[in-house]
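Q: heads up, no residue letters with this:
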DNA sequence: GCCGTTTTCGGCCCGACTGTTTTCAGTCG
């Protein structure tokens, strides 16, 4: 059983307990354990199989949860969960997903009106039976109906790149306003999560009404959800929710820290403050009533003798342990990247020529790029035969001879065939500077079959990196099944790289998987899989992912010069 | 349900906003 599945069960128990009105701290314990298991760098089943390891050594897992997890993994079932489900039908959990409806109100609806499903709920609201209930009113009924409609129309969380476009537009809207002294985006957008639920804007201003009025004038605002003295919430046409908070200068850093989160990171931080007799809230850090600091995030962290963590790692995973040990990694930055090693041109399915791609890369300050058009098997992408490929490589040689100020590498994205083996003969691959290979066909084979194909490619002497090692698309269909631990082990042994391709919809490796690669000693190469010049900007998305995984410049291969990179892949 | 170098019991982050209320509970982040 995978960690993800175990985490799912723990989360479901938390939902059910919450619905039953259980002790909120007990609910939190289950939720916290679910998160810890999900983020754990190694498989729970491996720990259970090891005689000298204990689940209770994991932070957040005590005797009770260790026993439940052992039962779950051992038998595939959990009696406790079955008991809960016997009391509360699973369908009522859908009620908790409606904005404005929490566990208390949902439980009343279930008990008093027998509401078990979303359809029941809609009927109850429309027949006005809901407003009869104690603690409910006509307005509540409206809010529930609106929340149901929103749940239907609003898509899942927005992809980071799409949220980024909205965020930049919002910042531009506020730019001309004189009342704004400082402005920043916070929340999961700032932490660089793959998907963003809503946007949080923070403004430093003495004129709160002016800022709020200006916000309301934004054309993209569809509905005003709430407006108070310091906080305003709206929903945009795109379905994205935006929260605006206005704070004075002395609280700006405290508020930025607070609203950047994550929630779990803040819980740890506040606990540490409490141990020292301090209190942190969004207005600052206090001893009793006395304000100590809050103008900048650095001040807040410094008051607890902590470094100002990069937003990307504020997830209550490793960051506090790193800080305590003085081993906070210096995270990789966009400026560290010297080359983009995954790129397509008009020769296969790209939209720009190699000359255009090279010019765009040079403008971005890159020192080298690899043109990695598809190989012949990828017929749908106009993949190249050995003959066409050799012709393209000759063109690249000629281009480099013109001294263009950037080195273009002769590369290829070679398909890993369904039956195993590579799509191009060895003598052709031997002529390439840079060979990446990937699975495009036979993605619904078994986990063992796909893993075997990838492992064979890793062992191939001319292969430098595996692209799309998991087939992972964000918010879309499932990735293909692959034994990633086996892939990491083989890649480390043969000094091969794994590619983290970054597009708005694709991040081949999650941050957790990147961190696991690092533990295995596997280097990551970040690529953009660019099919047009504009796509080169996607490198920023890949960098954020690498940072969330705690990767440094040394963990990322294309921060090196081409000469250093050749040594790394054994070409020199 | 977890946790502990003042604790094995009694804590567990903290505040804003709304609706239904007459002082607060529920929800959200």
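A: Looks like it came in fine. Keep in mind the model is a prediction, meaning the values are calculated, not measured.

Q: Can you name the residue of chain A nearest DNA strand B?
A: Nearest residue of chain A to DNA strand B (Cβ to the nearest atom of the strand) works out as residue A:137 at 1.8 Å. Where C-beta positions appear, they are placed from N, C-alpha and C, glycine not excepted.

Q: Quickly note the distance from that residue to residue A:105.
A: 12 Å (Cβ to Cβ, to the nearest Å).

Q: Specify which residue of these two has the higher count of neighbours.
A: Remark: of residue A:137 and residue A:105, residue A:105 carries more neighbours, 19 against 13, as counted by other Cβ atoms under 10 Å.

Q: Quick one: distance of stretch A:332-340 to the chain centre.
A: Relative to its parent chain, stretch A:332-340 has a centroid offset of 19 Å by Cα atoms, centre = their mean, to the nearest Å.

Q: Just the endpoints, please. Distance across it?
A: 15 Å (Cα to Cα, to the nearest Å).

Q: what's next to that stretch, contact-wise?
A: Residues outside stretch A:332-340 that contact it (Cβ atoms under 8 Å, 6 or more residues apart in numbering) are A:361, A:365-370, A:409, A:526-528, A:530, A:536, A:539-540, A:543, A:546-547, A:551-553, A:555-556, A:558-562, A:565.

Q: count of neighbours near residue A:305?
A: Counted with other Cβ under 10 Å, residue A:305 comes out at 10.

Q: for whichever strand or helix holds residue A:253, packing partners?
A: Per DSSP states H and E, residue A:253 falls inside helix A:252-260. Here helix A:252-260 touches helix A:187-191, strand A:198-204, strand A:241-247, strand A:279-281, helix A:297-303, going by 3 or more Cβ pairs under 8 Å, 6 or more residues apart in numbering; DSSP states H and E.

Q: could you give the angle of it to strand A:241-247?
A: Interaxial angle of helix A:252-260 relative to strand A:241-247 (axes from the mean of the first three to the mean of the last three Cα atoms, to 10 degrees): 160 degrees.

Q: Do me a favour and average the pLDDT over helix A:252-260.
A: Mean pLDDT, helix A:252-260: 94.

Q: near DNA strand B at all, that helix?
A: Yes: interface with DNA strand B: helix A:252-260 contributes residue A:259 (Cβ under 7 Å from any atom of the strand).

Q: Give the residue spans of the stretch 101-250 of chain A that score low on pLDDT.
A: A:151-156 (pLDDT under 70).

Q: And the strands in it?
A: Per DSSP state E, counting those that start in this stretch, the stretch 101-250 of chain A carries strands over the ranges A:158-159, A:182-185, A:195-196, A:198-204, A:221-227, A:231-236, A:241-247.

Q: which secondary structure elements does the strand ranked longest in chain A contact?
A: Longest strand of chain A, by residue count under DSSP state E: strand A:407-415. Secondary-structure packing of strand A:407-415 (3+ Cβ pairs under 8 Å, 6+ apart): strand A:368-371, helix A:386-401, strand A:434-438.

Q: thinking again about what came up before, wait, the residue of chain A closest to DNA strand B touches residue A:131, no?
A: Yes: counting by Cβ atoms under 8 Å, residue A:137 touches residue A:131, with 5.6 Å between them.

Q: that older thread, okay, the angle between the helix holding residue A:253 and strand A:198-204?
A: 170 degrees.

Q: buried set for the helix or strand following helix A:252-260?
A: Later in the chain than helix A:252-260, the nearest helix or strand by DSSP H and E is helix A:263-275. Going by neighbour count (16 or more other Cβ atoms under 10 Å), the buried part of helix A:263-275 is A:264, A:265, A:266, A:269, A:270, A:273.
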